[in-house]
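Trainee: Turn this into a structure:
(one chain, ligands or ions: 2)
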Amino acid sequence: MAKLDLTIPKLKLNDGTSIPMLGYGTGTAWYKTGEESKIDQAIIDAVKTAIKLGYTHLDGAEMYKTESELGTAIKESGVPRETLFVTTKVDKPNIHDIQGAIKTSLKKLQLDYVDLYLIHQPWFGSDADIQKAWADMEAVQKSGLAKSIGVSNYLPSHLTALLKTAKVVPSVNQIEFHPYLQRVELLDFHKQHGIATTAFAPLTAATKAKPGPLDDYVGRLTKKYAVSENEIYLRWCIDQDIVPITTSSKEQRLSDYLRAATFKLTPAEIKEINEIGQQKHFRGFWQKLFDEKDRS
Ligand SMILES: NC(=O)C1=CN([C@@H]2O[C@H](COP(=O)(O)OP(=O)(O)OC[C@H]3O[C@@H](n4cnc5c(N)ncnc54)[C@H](O)[C@@H]3O)[C@@H](O)[C@H]2O)C=CC1
Ligand SMILES: O=CCc1c[nH]c2ccccc12
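Mentor: Ligands and ions are numbered 1, 2, ... in the order given. Okay, here's the model as predicted:
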């Protein structure tokens, strides 16, 4: 399949680095439930396909058990390391040994550094634990093993605790974000503190949360821009300076997603999606940790 001739925009982070504004995820579709040591060639092939198509931002996590496949795909892609933006994440089981965790991740990834290292979720202890873990992340950045450091799934309360003792403001908070989960209060907090938002599950309104109130309006936009609903939802993120992280095992779909770089929504269209989207609430991940009515 021919590579589309397009440029994925980049967003500047608060530490001066830049993140490509469309990520390819190695969780969800690829998440391994079995033995991590059993290498899955389908994952390697899928990541290589994504890189071949033009994806440079690759999202991993120790939790997904797919770091070895991600590393092999990067190596076999033949693409220079410095042209890629690689993220991985540390989770609760290793939260008290972040130095050890990143070294293990880097070994699996066959890399000397990651571009972005995240704490996967905040539900691992007290405010003091959140502050200690962040100090350990700062040490990782200082040692050069991660260019940028950030968090994932943090709420304003967790960020407030972290910032009380932080020397470095997180560059990124990776959160579930789509028109049916707009996180208004959290996004305001991010803006106030210069934290970039990356969005997982950006296609929820076109996939898991269908049918929904946006179907008709977004259907009309697909005709105007000659793209599919997926690309409208990816562009809706990009046009709000939010970095969507998607995935697929299908080459055609991955190629189609890249059309999100070929058009822009108007401010009125973004406003309309925001307003219609607020008619429905849907959370696809980490639900047990939120109150049913909590939209934060
Ligand atoms: N930090 C965190 O807690 C989390 C991070 N993530 C990251 O984000 C990445 C993307 O997350 P997703 O929820 O998968 O993102 P997403 O909302 O972009 O959904 C992608 C999925 O939608 C499917 N899809 C696309 N079009 C479809 C259609 N027309 N019909 C049916 N299915 C369709 C794709 O095949 C793929 O499986 C993950 O791989 C992971 O890297 C995901 C969840 C949690
Ligand atoms: O990063 C994603 C974490 C996550 C939370 N719930 C699920 C279910 C399936 C794959 C990944 C995840």
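Trainee: Spatially central residue for the protein, please.
Mentor: Ile245 (4.2 Å; Cα atoms, centre = their mean).
Trainee: Can you classify it as helix, strand or coil?
Mentor: Following DSSP: H, G, I helix; E, B strand; the rest coil, we place Ile245 in the strand state.
Trainee: Show the pLDDT at it.
Mentor: pLDDT for Ile245: 98.
Trainee: show me where pLDDT drops low in the protein?
Mentor: 1-5, 292-293 (pLDDT under 70).
Trainee: residues contacting the residue nearest to the centre of the chain?
Mentor: By Cβ atoms under 8 Å, 6 or more residues apart in numbering, Ile245 lies in contact with 22-25, 57, 59, 174, 198-200, 202. All C-beta spots, glycine's among them, are computed from the backbone N, C-alpha and C.
Trainee: That one bridge partners, please.
Mentor: Here Ile245 sits in beta bridges with Gly23, Phe200, as judged by DSSP bridges.
Trainee: Name the next helix or strand downstream of the helix ranked longest in the chain, please.
Mentor: Secondary structure of the chain per DSSP state H: the longest helix is helix 127-142. Per DSSP states H and E, the first helix or strand lying C-terminal to helix 127-142 is strand 146-152.
Trainee: buried sites along stretch 201-211?
Mentor: Using 16 or more other Cβ atoms under 10 Å as the test for burial, stretch 201-211 gives 201-206, 209.
Trainee: Briefly note if it comes near ligand 1.
Mentor: Yes. Interface with ligand 1: stretch 201-211 contributes 201-204, 207 (Cβ under 6 Å from any ligand atom).
Trainee: Is that stretch in proximity to ligand 2?
Mentor: No. If you take Cβ under 6 Å from any ligand atom as the test, stretch 201-211 misses ligand 2, and the best it gets is 9.0 Å.
Trainee: Return the distance of that stretch from the chain's centre.
Mentor: 16 Å (Cα atoms, centre = their mean, to the nearest Å).
Trainee: ok, now stretch 117-126?
Mentor: Offset of stretch 117-126 from its chain centre (Cα atoms, centre = their mean): 15 Å.
Trainee: List of residues touching it?
Mentor: By Cβ under 8 Å, 6+ apart, stretch 117-126 touches 61-63, 87-92, 95, 102, 130, 133-134, 137, 140-141, 145-146, 148-155, 158, 172, 174, 286, 289.
Trainee: Now do Thr165: how many residues are near it, please.
Mentor: 14 (other Cβ atoms under 10 Å).
Trainee: Please apply the same query to Ile130.
Mentor: 25.
Trainee: Thought Leu162 was touching it, still the case?
Mentor: Yes. The criterion here is Cβ atoms under 8 Å, and Ile130 meets it with Leu162 at 5.4 Å.
Trainee: interface residues of this protein facing ligand 1?
Mentor: Residues of the chain lying near ligand 1 (Cβ under 6 Å from any ligand atom): 25-29, 59, 120, 152-153, 174, 200-204, 207, 230, 245-248, 253, 285.
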